[in-house]
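J.: Show me how the following folds:
(chains A and B)
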Amino acid sequence: MADFQTKEVSTDLLIIGGGMAACGAAVEAAYWAKKNGLKVTLVDKAAMDRSGAVAMGLSAINQYVGLKDGENTLKDYLNYVRNDLMGITREDVVANIARHVDGSVHLFEKWGLPIWTDDEGKYVHEGRWQLMINGESYKVIVAEAAKNALGTDNIYERVFIVDPLMNGDKCVGAVGFSVRENIFYVFKAKAVMVAMGGAVHVFKPRSSGEGLGRAWYPPWNSGSSAYFTLKAGCEMTCQEVRFIPVRFKDAYGPVGAWFLLFKSRATNGLDENYMQTRAGELENWAPYGKVKPVPANLRNWLMLLDVMDGKGPIYMRTEEAIQNIANEFKDDPKAFKKKMKELESEAWEDFLDMTISQAILWAGMNVAPEESKSEIAAAEPYFIGSHSGASGAWVSGPEDLQTAETKDEYFWGYANMCTVPGIFAAGDASGASSHKFSSGSHAEGRIAAKAAIAYCVDNPAEPKVDYAVVEELKTRILAPLDLFEKNKGYSSDNNIHPEYIRPKMFMFRLQKIMDEYAGGVSSQFKTSKPLIERGMFLMDFLREDAEKLAAEDLHELMRCWENTHRMWQAEAHMRTILFREETRWPGYYFRTDTPGMNADWLAFANCTWKNGEWEMKKRPVKYIHESI
Amino acid sequence: MPSFVIVEKCDGCKALDKTACQHICPNDLMVLNKDLMKAYNNEPEMCWECYNCVKICPVDAVEVRGYADFVPLGASVSPMRGTDSIMWTVKFRNGTLKRFKFPIRTNEEGSAVPDGGFATGTENLKDSVLFTEPASTGMNSIPSLK
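T.: Model (predicted):
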């Protein structure tokens, strides 16, 4: 076996991940841990300053409810989320995040994040729930508060967590390795917070070659949350509810400012506005098709119908939107010039804060948005429970937001605890609580952390680690290094060898299966029972070949496990699509053999992996919004 | 070749135990060639063009050339990140130049206090009030069911 030192770290609460949810968890946990004499440790596979989905920055905060000024109520937010997700939502969890999220935003501002304000000092909204920010350093600032709360001695960066450490049915920590030196880490903990983000590159991306990394969501989101909770035996929810964003084509620059702030339209290649010409289709998806704003997946669907009819390209009509603004100022050229300068700066900042590639693409194509329209397109599918997707672990809601009807179903002791005691989930790791975005993920991390500390206080017994299990995990986790070492040099090209597969090719094989059978870009997001079954047949071989992943160094060892994590996310996805015998989110995926919504399926499709078997379970949807 | 390192400028961060770009890359792409003392992007096809290596490089040795599978050549986007603002220079393929300056934070680096100055309104580990609440929400209490 590769020569690795084993390092053991004992703690009370282990936070796995370093993004928005993990940083929220760190800040909250540090306070309650100190009061109760407990220790909190955080482990991140990258550097906290720039890890997670907000690593590049963001140009907006997408969840701000505005409760203090009565801008909206919790009920307003519940209605919005329920309709956008076609009825499938855990309102207890959504409301819990919504009642705390404004507090996280106010903290960001105190920590140094520039939030736009108007002349009266009020936040500038991009849309009803969205605030404009100068967000280049959003993550740096949020991480700074988390690091100041925890202390750098309690933070392990560049350590990749592979597996939960189990003792029977109980999680007693996590294991992984340093991607910088030959150290195998064993973290022992009374409670574990899973906050390792969503999953990208499970499906084949539109880009190829060099641009492969230009996914809309960052490529380092590799399904580690889903894998961890699945492997620990946690029940998962909404594994079929992927998200497909429509963005500026290829570079995936944000469209929010253009749609919401500049009131731009999107039209097809024949200058038709599909939101108008296809409006009748929305009737088929009532009641959700009839609400405003039209749910994200249905807006996608109307556009996709045009694309499938060969009516592309689809354009964002930037030139028209700017002309409309110019018309408002037609009698005052000076004011128009000033307004245009403002708009130009806002439009470019939108890209430069969060998708710099889009700025390069516009510059490379000499785009002047006031003169020419720009293409938009549906990206490949992502697993992102924090956005308009919903995949994640099935977690307990808070006790005080349960009604008599929901309590037995949705509450089991601690907010955001998974079905395996002691494992908590937040951000992209927790499911059925969409539309939390960056700010809500932070708030949810805080909620979960307070509950996790309470769990540690209530369950003070030291975690019992079975060292035979640790050795077994160590051998299995380092095996790709051994396999490479044993076989290298046989072929004149170490990439191609009959005894092993390197992680990049493994990822391509996974992506091809998902793309062609589970409704990826090249299948125009369509799938069916026979297609999924065939895809699962091919996955059986892939799962076997995962045992033959080989790694030349620590970086590649991380890639091996990231792709194994993706494979588990893929399998949960396919099984759940198969289980839900209807089409509910046609703009995310369309099951051609069950083409419409079925009232019997106004329910959660959950899955659990236990002792090598997948168990599928239907759970009722119960709303709390009449009681809030 | 998304982010790339200009050989002439890179000194391998010789004064540090690892290079700045290695330290910061969220996807662990940057590597130091210790023989040459030059950093390089080891897996450009997994680069998100997040620019963190560009922003952090102490000698301005890292730049980005747009993904060649869909971006025409000839453009560049270059940041200069200071302590409170960032300046961007966007060079178009046709030579047009645009410059933008945006604030990045309102206070001094390192000064984020975890509680943000908000008082703690609860002593109870079991209630649903977080440690900066209700003050940080701006409300008198945390709403619950009617």
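J.: So which residues on the stretch 51-200 of chain A come close to chain B?
T.: By CB under 8 Å from any CB of the partner chain, the residues of the stretch 51-200 of chain A that approach chain B are A:51-52, A:55-56, A:67-69, A:74, A:96, A:99-100, A:102-104, A:106-107, A:109-114, A:134, A:136-137, A:140-141, A:144-146, A:148-149, A:158, A:179-180. C-beta here means a position set from N, CA and C on the backbone, and glycine is covered the same way.
J.: Excluding chain neighbours, what is closest to the residue nearest the centre of chain A?
T.: The centroid of chain A falls nearest to A:Ile384 when counting by CA atoms, centre = their mean (2.5 Å). Spatial nearest neighbour of A:Ile384, excluding adjacent residues (CB to CB, 6 or more residues apart in numbering or on different chains): A:Gly198 at 4.0 Å.
J.: My read is that that neighbour contacts A:Ala425, right?
T.: No - applying CB atoms under 8 Å as the test, A:Gly198 and A:Ala425 come out as separate, 11.9 Å apart.
J.: Right, and chain B sits closest to which residue of the stretch 451-600 of chain A?
T.: Across the stretch 451-600 of chain A, no residue is closer to chain B than A:Ala454, which sits at 4.9 Å (CB to the nearest CB).
J.: State the pLDDT value of that residue.
T.: A:Ala454 is assigned 98 on the pLDDT scale.
J.: would it count as being in a strand?
T.: No - under DSSP: H, G, I helix; E, B strand; the rest coil, A:Ala454 falls outside any strand and is assigned helix.
J.: Run through the residues that contact it.
T.: A:Trp32, A:Tyr414, B:Leu125, B:Lys126 (CB atoms under 8 Å, 6 or more residues apart in numbering or on different chains).
J.: Buried among the residues you listed? Need that as a selection in ChimeraX.
T.: Applying 16 or more other CB atoms under 10 Å in any protein chain shown to the contacts of A:Ala454, the buried members can be selected in ChimeraX as follows:
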select /A:32,414
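J.: wait, what's in contact with the spatially most central residue of chain B?
T.: Chain B has B:Asn52 as the residue nearest its centroid, 4.3 Å off, counting by CA atoms, centre = their mean. When contacts are counted by CB under 8 Å, 6+ apart, B:Asn52 touches A:Arg50, A:Ala55, A:Met56, B:Ile24, B:Cys25, B:Pro26.
J.: returning to that earlier point: so which of the contacts of A:Ala454 belong to strands?
T.: In strands, judged by DSSP state E, none of the contacts of A:Ala454 are found.
J.: ok, so of the contacts of A:Ala454, who is nearest A:Lys548?
T.: Closest to A:Lys548 out of the contacts of A:Ala454 is A:Tyr414 (40.3 Å), distances taken as CB to CB.
J.: Which residues of the stretch 251-400 of chain A lie near chain B?
T.: A:251, A:345, A:348-349, A:352-353, A:356-357, A:359-361, A:363-366, A:398-400.
J.: Filter those residues down to the buried ones.
T.: With burial judged by 16+ other CB under 10 Å, the buried subset of those is A:251, A:348-349, A:352-353, A:356-357, A:359-361, A:363-366, A:398-399.
J.: Quick check: the farthest pair among these?
T.: A:Asn366 and A:Glu399 (58.2 Å).
J.: any chance you could map the strands in the stretch 151-300 of chain A?
T.: Using DSSP state E, counting those that start in this stretch, the strands of the stretch 151-300 of chain A run over residues A:155-157, A:159-167, A:170-178, A:183-188, A:191-194, A:236-237, A:246-248, A:266-267.
J.: residues in contact with the third one?
T.: Judged by CB under 8 Å, 6+ apart, the contacts made with strand A:170-178 from elsewhere in the structure are A:4, A:14, A:16, A:43, A:158-166, A:183-189, A:192, A:228, A:232, A:420-423, A:463-465, A:470, A:473-474, A:477-478, A:554, A:557-558.
J.: next one: the second one
T.: Judged by CB under 8 Å, 6+ apart, the contacts made with strand A:159-167 from elsewhere in the structure are A:16, A:43-45, A:171-179, A:185-188, A:192, A:196, A:224, A:228, A:231-233, A:423, A:463-466, A:469-470, A:473, A:477, A:558, A:561.
J.: sorry, back to before: what touches both of A:Gly198 and A:Ala425?
T.: Taking CB under 8 Å, 6+ apart as the contact rule, A:Gly198 and A:Ala425 both touch A:Ser225.
J.: Indicate which one of the strands of the stretch 151-300 of chain A is closest to B:Met46.
T.: Using CB to CB, the strands of the stretch 151-300 of chain A put strand A:159-167 closest to B:Met46, at 14.9 Å.
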